[in-house]
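Colleague: Sequence and predicted structure are below.
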Amino acid sequence: MNNPYTAYSAADTSVDSDNKPRILLKVYQSMLDKIDMVKGAIDRKNFEKKYDELTKLTTVLDILDSSLDMSQGEVAKNLSDLYHYLTKRLKSVHITHDMTVLEECKAILVQLDEGFKAAYEKETKGKVQGNSPENSAQKNSIPFSHRTV
């Protein structure tokens, strides 16, 4: 059986560093979609699907948390706190099936997604306007605070 970490490391090196922020944005969009799936599963009383999707959500949040570059200071710490909070709230939905908790978590993820989109658009706009040495030094400085694991 292949070692998952080795597979991840190999995949990670094959991803262009310019695409990493876009991948993070796709991950956020996927999490938003999964929250909608959980809500639908609860409505249909498909508790196996609810469990599966909630487990995927909390796993992704754990991965995002472990990929934070804590040297980024307060931004990374705040993201970590948010990821932990979201994980705790989503895990409570396993028992409570509380739609308001799902809406709360979705609202937080929407804000994060919008913030990262704005940062990505600003960064990509800056790259198009100039490619000076100062800009290339900042090439990977998008304040995503996530590092390569």
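Modeller: On my side now, so go ahead. Numbers count the residues shown, from 1 in each chain.
Colleague: Could you report the separation of residue 100 from residue 42?
Modeller: Using C-beta to C-beta, to the nearest Å, one obtains 12 Å as the distance from residue 100 to residue 42. All C-beta atoms are positioned from the backbone trio N, CA, C, and that covers glycine.
Colleague: neighbour count winner among those two?
Modeller: Each of residue 100 and residue 42 has its neighbours counted (other C-beta atoms under 10 Å); residue 42 has more, 20 against 9.
Colleague: For the host helix or strand of residue 102, name the packing helices and strands.
Modeller: Under the criterion of DSSP states H and E, residue 102 resides in helix 99-129. For helix 99-129, the elements it packs on are helix 20-43, helix 74-96, judged by 3 or more C-beta pairs under 8 Å, 6 or more residues apart in numbering; DSSP states H and E.
Colleague: Save the ones you listed as JSON lines, and put in mean pLDDT too.
Modeller: Below are the helices and strands packed on helix 99-129 laid out as JSON lines (pLDDT from 0 to 100):
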{"stretch": "helix 20-43", "mean pLDDT": "95"}
{"stretch": "helix 74-96", "mean pLDDT": "97"}
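Colleague: And for the most centrally placed residue in the chain, nearest residue in space, chain neighbours not counted?
Modeller: Taking C-alpha atoms, centre = their mean as the criterion, residue 28 is the residue nearest the geometric centre of the chain, at 4.6 Å. In space, residue 28 comes closest to residue 113 once its chain neighbours are excluded; the distance is 4.1 Å by C-beta to C-beta, 6 or more residues apart in numbering.
Colleague: For that neighbour, give me its contacts.
Modeller: When contacts are counted by C-beta atoms under 8 Å, 6 or more residues apart in numbering, residue 113 is found next to 25, 28, 29, 32.
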